[in-house]
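Chemist: Structure for this input, please:
(one chain, ligands or ions: 1)
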Amino acid sequence: MFTNAIVRIPGSNFDAGLTTADFGAPCLDLVLEQHRLYCLALVECGLALTTLDADLRFPDSTFVEDTAILTAHGAILTRPGTASREGEVDAIRTAVLDFFPSPLNIEAPGTVDGGDICEAENHFFIGLSHRTNEEGARQLAAHLASLGYTSSTIDVRPMTTILHLKSGIAYIGGNTLVVMEEMAEDGQFRGFDRLRVSAEESYAANCVRVNDCVLVAAGFPMLTAELRAQGFSPLVLDMSEFQKMDGGLSCLSLRF
Ligand code: CIR
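Modeler: Numbering: from 1, shown residues only. Predicted structure coming up:
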């Protein structure tokens, strides 16, 4: 069960963030409205929110997930793998300190984006990506081990359609992984029940279990129906404006 989440309001320069998507520029009014509804959904799921003001120094800073890994046993502040986002961590440290008195850190030359880290019970999958490098993964694995967790790496660099590991997988509890078709046969997932996401719905693989609900992006009816059929309770949210900036549901909050 999660009780809290940290979120950050998108800035007026949100459209100046990084993106590889070709869906056009985000509409700021819609960005703010979708973010408001996302926050409301977290509250409906029982979370108390720490809502940080927009930080115009960092256009991507609403994607707070990339800056920290918050676990039941302790926190790790990351070192994001792209220069324009490195400074976001200083800004998030204060909020994390309110809940975790002595967070661990990823140090240079290691880089880790939280979007590459998928927790499945007491095991963490660490994606090696164009953001999370081998040294970052090594430091993170050592930190996680010191907190009592196991971990393993998955190389997502050959997968050109995803930015982070969690763009393609989500652990939603009950030994169940939602996984995009391209990754579904990875040997590391063999012990899990797998809900496969077809190529045309692959954006929806980035869903998020929050207590009794699974947040799912709107516009992906097959996954939503499959979740329902498997006994999960999908809560559907429009993510169109965040998708334009390569963002998904998980990246908009740090849940703990
Ligand atoms: C970036 O490229 O860093 C942002 N525009 C999107 C980050 C998305 N984060 C995530 O999936 N965890």
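
Chemist: use CA for all of it now, contacts and neighbours both
Modeler: Fine.

Chemist: Could you tell me which residues of the stretch 1-150 of the chain lie near the ligand?
Modeler: Residues of the stretch 1-150 of the chain lying near the ligand by C-alpha under 6 Å from any ligand atom: Gly17, Leu18, Thr19, Asp60, Phe63, Glu65, Asp66, Gly114, Gly115.

Chemist: Not including adjacent chain positions, what is the nearest residue to the second one?
Modeler: For Leu18, the nearest residue in space outside its immediate sequence neighbours is Met245; the separation is 6.4 Å by C-alpha to C-alpha, 6 or more residues apart in numbering.

Chemist: picking that back up, how about the residues of the stretch 1-150 of the chain next to the ligand in CSV, adding pLDDT, secondary structure and neighbour count?
Modeler: Converted to CSV, those look like this (pLDDT from 0 to 100; DSSP: H, G, I helix; E, B strand; the rest coil; neighbours: other C-alpha atoms under 10 Å):
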residue, pLDDT, secondary structure, neighbour count
Gly17, 98, coil, 14
Leu18, 97, coil, 16
Thr19, 97, coil, 16
Asp60, 98, coil, 24
Phe63, 98, coil, 25
Glu65, 98, helix, 24
Asp66, 98, helix, 31
Gly114, 98, helix, 30
Gly115, 98, helix, 29
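
Chemist: Closest to Thr161 out of these?
Modeler: Distance to Thr161 across those (C-alpha to C-alpha) is lowest for Thr19, with 12.4 Å.

Chemist: Please give me every residue in contact with that closest one.
Modeler: By C-alpha atoms under 8 Å, 6 or more residues apart in numbering, Thr19 lies in contact with Lys244, Met245, Asp246.

Chemist: Quickly run through the sheet partners of the helix or strand hosting Ile6, with directions.
Modeler: Per DSSP states H and E: Ile6 is located in strand 4-8. Sheet pairing of strand 4-8 (DSSP bridges) gives strand 48-52 (parallel), strand 254-255 (antiparallel).

Chemist: and of those strands, who's closest to Val210?
Modeler: strand 254-255 (8.2 Å).

Chemist: Show me what residue of the stretch 51-200 of the chain gets nearest to the ligand.
Modeler: Relative to the ligand, the nearest point of the stretch 51-200 of the chain is Gly115 (3.4 Å; C-alpha to the nearest ligand atom).

Chemist: Go ahead and confirm that residue touches Ile162.
Modeler: No: assessed by C-alpha atoms under 8 Å, Gly115 is found out of contact with Ile162, at 10.7 Å.

Chemist: quick one: the residue of the chain most remote from its centre and Gly115, what's the gap?
Modeler: Distance from the centre of the chain peaks at Ala229, with 24.4 Å (C-alpha atoms, centre = their mean). The gap separating Ala229 from Gly115 is 27 Å, by C-alpha to C-alpha, to the nearest Å.
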